[in-house]
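Enquirer: Any chance you could fold what I've pasted below:
(one chain, ligands or ions: 1)
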Amino acid sequence: MLLAAIAGAILCGPGFVRPQNLWAFGALDPNPPLETWLDSMDMRVRKTVSRLMEIPTGRSLVVSAAESGVKIEIDGSAYYDPAANAVHLDEDSNRNPALVAHELEHARQRKFGMRAGRRAELGAYSMEGRVWVELGVPLRQDGSQLSSINDGMLQLWARHPMTAYWALGLRRTADWPPISNSPPADSGDASLEESYWLELSQDECRWRDANAGKLAEIYAPPSALTEQLAVDLSFAKGEGSLKDGIQSAAGISEWMPEFLEELLLMVERGGRSLEWPLPGAPTALDRELLNRLNRPNRVTQTPSGQWNIQLSN
Ligand SMILES: [Zn+2]
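Expert: Modelled structure (predicted):
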């Protein structure tokens, strides 16, 4: 169900209407809730929030959080507590605008009646990625402290978004119940999640269109992208998130991220062809990844040596 569930993530087809100046929020809003909210903030995170206010996506998240009276506490953890409407941050995350944006998006999701879960996480990663790009992609290589543990994920998201969402969606953790699970009777409505995701993915389409230049400039070497897929696969297998022991050279083929992106897009758009050639011989990890596509498939090799993947319904 996941492929169908992420429909629209980046399917920005013709007929798409450019938003009317969606990102122009104008001068500092003199709105008292925003000023009061900022004044009441711990100085450590205030600095980070100020950076968020300098960029369009960050500013919209800050305005939303101020309007909802979201509390921000630095207490050594990093999560959003919907019951208390409080974002909890640790020493790392409170200095990182992208991670703060991730948690503020969880706070914004509360307005939509969203439950915690995969959709909520994918939405939060979308906002984290947008802030990361709008800030000029602070990466570890720059020696910047703005970078996060999510660099690899964000590089993959920037370059191959369908693949990034699909791979993130493979993860099996307690916090991420599968999207296909029916919501518990007392904790929300699946249609709210649908409409949240639809709105967010359409918004991401517009954002990608407006930020195409910045996205194209992002440094994302093949090794970072394949390593990220290996990490997601490791999560999917319940092995946790550690990159230890994953050797990208012996792991996932360099052609895999781009191949997956094309395959996922084709399937999402209702592609009927059931067989595609693989660009090369698949490694064991390549095969494991392909086995997790939501359509049954078989990898075969022709007598002439060409590798193919056959998808069935
Ligand atoms: Zn989250």
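
Enquirer: mind listing the strands for the stretch 51-200 of the chain?
Expert: Counting by DSSP state E, counting those that start in this stretch, one finds strands in the stretch 51-200 of the chain at the ranges 71-74, 79-81, 86-89.

Enquirer: tell me the average confidence for stretch 120-136?
Expert: Stretch 120-136 shows a mean pLDDT of 92.

Enquirer: Near the ion, which residues of the stretch 51-200 of the chain? Just list them.
Expert: Glu121, Ala124 (Cβ under 5 Å from the ion). The way it works is simple: take the backbone N, C-alpha and C, and place the C-beta from them, glycine included.

Enquirer: so which of the strands of the stretch 51-200 of the chain is the most packed in?
Expert: strand 86-89 (a mean of 21; mean count of other Cβ atoms under 10 Å).

Enquirer: ok, and what's touching it?
Expert: Contacts to strand 86-89, defined as Cβ atoms under 8 Å, 6 or more residues apart in numbering, come from residues 45, 65, 70-75, 77-81, 99-100, 103-104, 106-107.

Enquirer: How far does it sit from its chain's centre?
Expert: Using Cα atoms, centre = their mean, to the nearest Å, the mean C-alpha position of strand 86-89 is found 20 Å from that of the whole chain.

Enquirer: With stretch 109-117 instead?
Expert: Counting by Cα atoms, centre = their mean, stretch 109-117 comes out at 16 Å from the chain centroid.

Enquirer: Kindly report the same for stretch 48-68.
Expert: 19 Å.

Enquirer: What about the protein, which residue is the most distant from its middle?
Expert: No residue in the chain sits farther from the centre than Pro303, which is 40.3 Å out by Cα atoms, centre = their mean.

Enquirer: which secondary structure element contains that residue?
Expert: Using DSSP states H and E, Pro303 is not contained in any helix or strand.

Enquirer: Tell me where the stretch 51-200 of the chain is predicted with low confidence.
Expert: Counting by pLDDT under 70, the stretch 51-200 of the chain has low-confidence residues at 138-149, 172-190.

Enquirer: ok, Leu104 - contacts?
Expert: Leu52, Leu61, Val62, Ser64, Ala65, Val70, Val87, Met127.

Enquirer: show me the contacts for the second one.
Expert: By Cβ under 8 Å, 6+ apart, the contact list for Leu61 reads Leu52, Ala101, Leu104, Glu105, Arg108, Met127, Val131.

Enquirer: again, 7 Å this time
Expert: Leu52, Ala101, Leu104, Glu105, Arg108, Met127 (Cβ atoms under 7 Å, 6 or more residues apart in numbering).

Enquirer: same check, this time on the fourth one
Expert: Shown in contact with Ser64 (Cβ under 7 Å, 6+ apart): Arg108.
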